[in-house]
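Q: model this:
(one chain, ligands or ions: 2)
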Amino acid sequence: MYLLHLHLHGLFRARNLELGRDADTGGQTLYVLELVKALAGQEDVERVEVVTRLIEDRRVSSDYSRREETICPGAQIVRLPFGPRRYLRKELLWPHLDELADELVRHICRRGRRPHWIHAHYADAGYVGALVSRRLEIPLLFTGHSLGREKLRRLLATGQTRAQIEKTYAMSLRIDAEELALAQSCLVVTSTRQEATDQYARYGRFHPELATVIAPGVDLERFHPARDSDPSFPELDDLLGQFLRQPQRPPILALSRADRRKNIPALVAAFGSSERLRRQGNLILLMGSRRDIRKADREQREVFQQVLELVDYHNLYGQVAYPKQLSSDQVPRLYRWAAQRGGVFVNPALTEPFGLTLLEAAASGLPLVATDDGGPRDILSRCRNGLLADVTNIDQLRTAIERLLGQPKRWQTFAQNGLEAVQHHYSWVAHARRYLSQGADLVKDYSLPRSALTLAKAPGMTARLGRRLLYCDLDGALAEADQDSLQALNNRLHATRPQTSFGVLTGVGPQQAKEQLAALELPPADVWICRNGTDVSYGPDQDQDLAWRDHIREGWDRAALENAMAEFQDCLTLQPPSQQGDYKLSYWLNGEDLSLVAAIRQAIREQGLRAQVVLVDHVFLDLLPFAGGRPDAIRHVALQQGILLEHILVAASQHGDGEVLRGLPLGVVLANHDPSLDELRQQRSVFFARRPQAWGILEGMDHYRFLSR
Ligand SMILES: O=c1ccn([C@@H]2O[C@H](COP(=O)(O)OP(=O)(O)O[C@H]3O[C@H](CO)[C@@H](O)[C@H](O)[C@H]3O)[C@@H](O)[C@H]2O)c(=O)[nH]1
Ligand SMILES: O=P(O)(O)OC[C@H]1O[C@](O)(CO)[C@@H](O)[C@@H]1O
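A: Numbers count the residues shown, from 1 in each chain. Ligands and ions are numbered 1, 2, ... in the order given. Just a heads-up that it's a prediction; the model follows:
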C-alpha cells in the first residue's frame, strides 16, 4: 500500500522534533511521526509519505528546507512549497492552501499512481485533502487533532469576544475547512469516543458512522519509569535547582505548549492559593522552549506574562521552576524525575481533545490530575491513574491536586494502574494494525476512480487543446468590450494558434454562451466552462465532457435542495429555466445579505445535503455539486489535456471570481472589476490590469509574457 499523510503546519522532521518550540509544534507533530513510523513497519505498507510545507527561513533549522527526508525504511517526508518560503504560524497559511492543493496534485501525477488514501491532519490539511481527494478521486481520512468549534466554545467561555477570536485564529476559515474535510472524508479517525460523541458531533458534516476510535500510542522506549533503584538526574537537579529552595519536594508538573487553551495560569493560581501545596510541594512548568519571551508570539507572551504575574503575586519564588527549554531527550527524564519524588502531573487545559502528555505521564509511573473537558475523561476511565477536575474552578483544581499529593497509597495505586494501562491499551503498533484494517475496508468499498489519473485523454474526449489556455468570462471581460480591443485580442490569439487555446467561463448555458460569443464576432471557444463550472464542453460543436458530468453528479439531489430552499423563499427568487442546469440550482438573492448566505449554507449542512453555495455578482446564488465549481472544472480540463496550471491565464472582474484566482493558475483582474476583488492584491500570481475588459486581458498577457510560456 501507498499512503499519503498531510501535516502542514509547525516544524516537522524525521528526528529530534522541536516539540513546544511554538504553538504549532506539539502533539500532532509527534502523533503523525509515530503513526507513520508504525505504518511503515507493517508488511503490506510499501510506502508512506508525509507531505508538509517547505520552509526556507534562517530562524529555523535548514532541515525544514529539504524537499525529501527519509524517516525510516518505507517512510518519507515530502516538503512542497506553497506561499512564501519563510516560516509562518498556522493561522497565516489559509491564503496559500489552494496553491498547495495544486502542487500536491502535480506531485501525485508525477508519481504516476494514486495513494490508497490521503489522511489529512488538522483543518488546514483537511481543506487541501478535500480538494485533492475530489479532484483525483482518492479516499480521504481526517483527524482534526484539535477542533475549531471546541476551541471557540472554550475561549468564548473565558470572556473573549468572537471578533477577538476571529482576528487571532481565523476561526471561521478553520471551521469551514473542518466542515469541508468532514463532508469529503470517508473515515474520521479519533483518539477517544468522547471526541466523536461530543467534539466532532458539533459539525453539521460529521456522521458518527464514519468515525472510528483508534487510541494513539506512546513510545515506551522513551517514556518508562526509572529503571534502576535510585537513578540520578544531575542535569535536572542543576537545571531545576537554580529555581527551587527544596528540590526534593514532590513536584507538581505541567508540560504543554505556551498556548492560551492550555490554561497554565489557572494551575499557578491553584498552587499559589493552597497553603498545603505550598508547604508540601514545588511547581514545575515546562511551557515549550523559549529564548527571548519578548520575541515570542503575542499569545505566548501573554501566557508567560500571566504566569510570571501570578508567581509574583503569590510570592512563589523558591518553589516554582519554569526552565527556558528542555531537549527532547530530557522530557522523558523530567517525568521520571517527578515520579521519583512522588509528584503529580497536571493538565489544566480549558479543553484537551485527547492529551498525549497523559499517556507519557502514565508510562512514566506519574499519577495525574487532568481537565474534565475532552479526551482525558476517556483516558482516565481506561487508565484509572488520576483525577478529573473542572479546571475553570480554581478551588476544584486545587483540591484535586491536594487529594493526590501526600497520599502515598492512592498515589501508588494510580501509578501502577497507569503503567499497566499504557502497556495494554496505548501502542502505536496496535494502532497501525487497527488503522490499516479499517482503512482497507474503506478502500474496498470506495468506487474506483473513473477519471484516468494519467494525463492521457479521458474516454470520449475528442478535443485537443494547446499548451496554454486563456479563460475569459463573457459578462465582465468581453460583453462591453470595444471592438478594437476584441479585434486585437482575436488577432493575438489567432496568431499563436494552435498552441494557445481560448476558453469561456460563464454562468449561462453553452448555447447562450455560443450566441453571445458570435455576437462579439469572436471565434467559437476551444473549451466552454458553462453553468458556473457544472457543464464542460469542447470546440465549435461543444462536445460535452461526459467524464466531468459523471465526476460531479455523485451525491447531487436537486429536489431535496429545492425543498431545503423553501424556507428562504422570501429572500430568494428562482431564476428562469434557461439559467438552470442539471447540476446547477440558481436563484436571485433579493438584496445582498451575507448572513443569509451563511444561513443557507448552514441549512444545507444540517440537512446533510451535498452542495456548495456560490454567490456571483452579489445577487446570483448558485447551488452546485461539491466537485462542480469553476476551480475544479479548470483543473479537470488541465489534467485531462496535460496543460500546466501556470500556462493557464484567467481573466476576472466580477464579485465571486476570487475562487478562480486562487492556486497556481495565472490571474489578471481587469480594471472594471468589482471592489470585492481588491482583497486579492497581495495574492501571488494575480495581476491588476490598468485597463478594462479585453484591453486588460491583453495587459495581463503581456505582464506574464503569456504567449511565450
Ligand atoms: O515544552 C514542551 C511541550 C510539549 N511537548 C510535547 O508535545 C506533545 C504535546 O502533545 P499534547 O499534550 O497531546 O498536546 P497538543 O500539542 O495540544 O496536541 C494536539 O494534538 C494531540 C494529538 O492529536 C492531542 O493529543 C491534543 O489533545 C491536541 O491538543 C507531548 O508529546 C509533549 O511531551 C514537549 O516535548 N515540550
Ligand atoms: O490550539 P489549536 O489552535 O487548536 O491548535 C492545536 C495545535 O497543537 C498541535 O498539536 C501542535 O502540533 C496541532 O494540533 C496544532 O498546531
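Q: so what's Asp582 up against?
A: By C-beta atoms under 8 Å, 6 or more residues apart in numbering, Asp582 lies in contact with 534-535, 549, 558. Yep, even glycine has a C-beta here, placed from its N, CA and C like the rest.
Q: scratch that, His314 is what I was asking about
A: Contacts of His314 (C-beta under 8 Å, 6+ apart): 268-269, 271-273.
Q: what's the spacing between it and ligand 1?
A: 23 Å (C-beta to the nearest ligand atom, to the nearest Å).
Q: could you give the backbone dihedrals for that residue?
A: phi -90, psi 0 (degrees, to the nearest 10).
Q: check the gap between it and Lys262 for me.
A: 19 Å (C-beta to C-beta, to the nearest Å).
Q: skipping adjacent residues, who's closest to the residue nearest the centre of the chain in space?
A: Geometric centre of the chain, nearest residue: Asp124, 1.6 Å, by C-alpha atoms, centre = their mean. In space, and not counting its chain neighbours, Asp124 is closest to Leu8: 4.8 Å by C-beta to C-beta, 6 or more residues apart in numbering.
Q: get me the contact residues on this structure for ligand 2.
A: 9-10, 24-29, 90, 122, 145-146, 151, 259, 261 (C-beta under 6 Å from any ligand atom).
Q: go back to those residues and keep what's next to ligand 1.
A: 26-28, 145-146.
Q: any buried residues in the helix or strand of the chain with the lowest mean pLDDT, and which?
A: Using mean pLDDT, DSSP states H and E, helix 428-445 stands out as the lowest-scoring helix or strand of the chain, at a mean of 87. Going by neighbour count (16 or more other C-beta atoms under 10 Å), the buried part of helix 428-445 is 428, 431-432, 435-436, 439, 442.
Q: again with stretch 636-647
A: 636-641, 643, 645, 647.
Q: tell me what the helix or strand containing the residue nearest to the centre of the chain is packed against?
A: Assigning secondary structure by DSSP states H and E places Asp124 in helix 122-136. Applying 3 or more C-beta pairs under 8 Å, 6 or more residues apart in numbering; DSSP states H and E, one finds that helix 122-136 contacts strand 2-6, helix 97-111, strand 117-121, strand 140-143, helix 171-184, helix 630-641.
Q: mind running it again at 6 Å?
A: For helix 122-136, the elements it packs on are strand 2-6, helix 97-111, strand 117-121, strand 140-143, helix 171-184, judged by 3 or more C-beta pairs under 6 Å, 6 or more residues apart in numbering; DSSP states H and E.
Q: report the inter-axis angle for the following helix or strand past the first one versus helix 428-445.
A: The one in question is strand 2-6. Next helix or strand after strand 2-6 toward the C-terminus (DSSP H and E): helix 27-40. Using axes from the mean of the first three to the mean of the last three C-alpha atoms, to 10 degrees, the direction of helix 27-40 lies 80 degrees away from that of helix 428-445.
Q: average pLDDT for the helix or strand just after helix 27-40?
A: Helices and strands here follow DSSP H and E; after helix 27-40, the next one along the chain is strand 47-53. For strand 47-53, the mean pLDDT works out to 98.
Q: give me the distance between strand 47-53 and the centre of its chain.
A: 15 Å (C-alpha atoms, centre = their mean, to the nearest Å).
Q: same question for stretch 415-429.
A: The answer for stretch 415-429 is 30 Å, by C-alpha atoms, centre = their mean.
Q: buried sites along it?
A: 415, 417-419, 421-422, 425-428.
Q: turn the residues you listed into TSV, including secondary structure and distance to ligand 1.
A: Compiled in TSV, those are given as follows (DSSP: H, G, I helix; E, B strand; the rest coil; distance: C-beta to the nearest ligand atom, whole Å):
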residue	secondary structure	distance to ligand 1
Ala415	helix	18
Asn417	helix	20
Gly418	helix	15
Leu419	helix	18
Ala421	helix	16
Val422	helix	13
His425	helix	15
Tyr426	coil	12
Ser427	coil	16
Trp428	helix	13
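Q: want to throw those into CSV with distance to Gln184?
A: Converted to CSV, the buried residues of stretch 415-429 look like this (distance: C-beta to C-beta, whole Å):
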residue, distance to Gln184
Ala415, 44
Asn417, 40
Gly418, 38
Leu419, 40
Ala421, 35
Val422, 34
His425, 31
Tyr426, 29
Ser427, 30
Trp428, 27
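Q: that older thread, distance of the residue nearest to the centre of the chain relative to His673?
A: Asp124 is 29 Å from His673, by C-beta to C-beta.
Q: again with Glu679
A: 11 Å.
Q: neighbour-wise, which of these two wins?
A: With neighbours defined as other C-beta atoms under 10 Å, Glu679 and His673 compare such that His673 has more, 23 against 10.
Q: how many residues are close by the closest residue to Pro540 other than its chain neighbours?
A: Excluding its sequence neighbours, the residue lying closest to Pro540 (C-beta to C-beta, 6+ apart) is Pro524, at 3.9 Å. Pro524 has 15 neighbouring residues, counting by other C-beta under 10 Å.
Q: shouldn't Pro524 be within a strand?
A: No. Counting by DSSP: H, G, I helix; E, B strand; the rest coil, Pro524 falls outside a strand, being coil.
Q: quick one: it and Asp541 touch, right?
A: No. Distance between Pro524 and Asp541: 8.6 Å, which falls outside the contact criterion (C-beta atoms under 6 Å).
Q: identify the residues contacting whichever residue of the stretch 51-200 of the chain sits closest to ligand 2.
A: The nearest approach of the stretch 51-200 of the chain to ligand 2 comes at Ser146, 3.1 Å away (C-beta to the nearest ligand atom). Ser146 makes contact with Pro353, according to C-beta atoms under 6 Å, 6 or more residues apart in numbering.
Q: can I assume it sits in a strand?
A: No. Using three-state DSSP, the assignment for Ser146 is coil, not a strand.
Q: got a pLDDT number for it?
A: 95.
Q: please look at Leu155 and Glu166 and confirm they touch.
A: No. Applying C-beta under 6 Å as the test, Leu155 and Glu166 come out as separate, 10.6 Å apart.
Q: quick one: the helices in the stretch 401-550 of the chain, in order.
A: 408-425, 428-445, 483-495, 510-519, 546-552 (DSSP state H, counting those that start in this stretch).
Q: worst mean pLDDT among the ones you listed?
A: helix 428-445 (a mean of 87).
Q: for the stretch 151-300 of the chain, give me the ranges with low pLDDT.
A: 230 (pLDDT under 70).
Q: distance check, Ala75 against Leu286.
A: 29 Å.
Q: residue numbers of this structure in contact with ligand 1?
A: Residues of the chain lying near ligand 1 (C-beta under 6 Å from any ligand atom): 19-20, 26-28, 30-31, 145-146, 191, 255-257, 286, 288, 331, 352-357, 360, 375.
Q: for ligand 2, what is the nearest residue in the stretch 351-500 of the chain?
A: Closest point on the stretch 351-500 of the chain to ligand 2, by C-beta to the nearest ligand atom, is Pro353, at 7.7 Å.
Q: with adjacent residues omitted, what lies nearest to that residue?
A: Pro353 sits nearest to Ser146 (C-beta to C-beta, 6+ apart), 5.0 Å away.
Q: leaving out sequence neighbours, find the closest residue to Cys182.
A: Heads up, residue 182 is Leu, not Cys. Using C-beta to C-beta, 6+ apart, the nearest residue to Leu182 is Arg205, at 3.9 Å.
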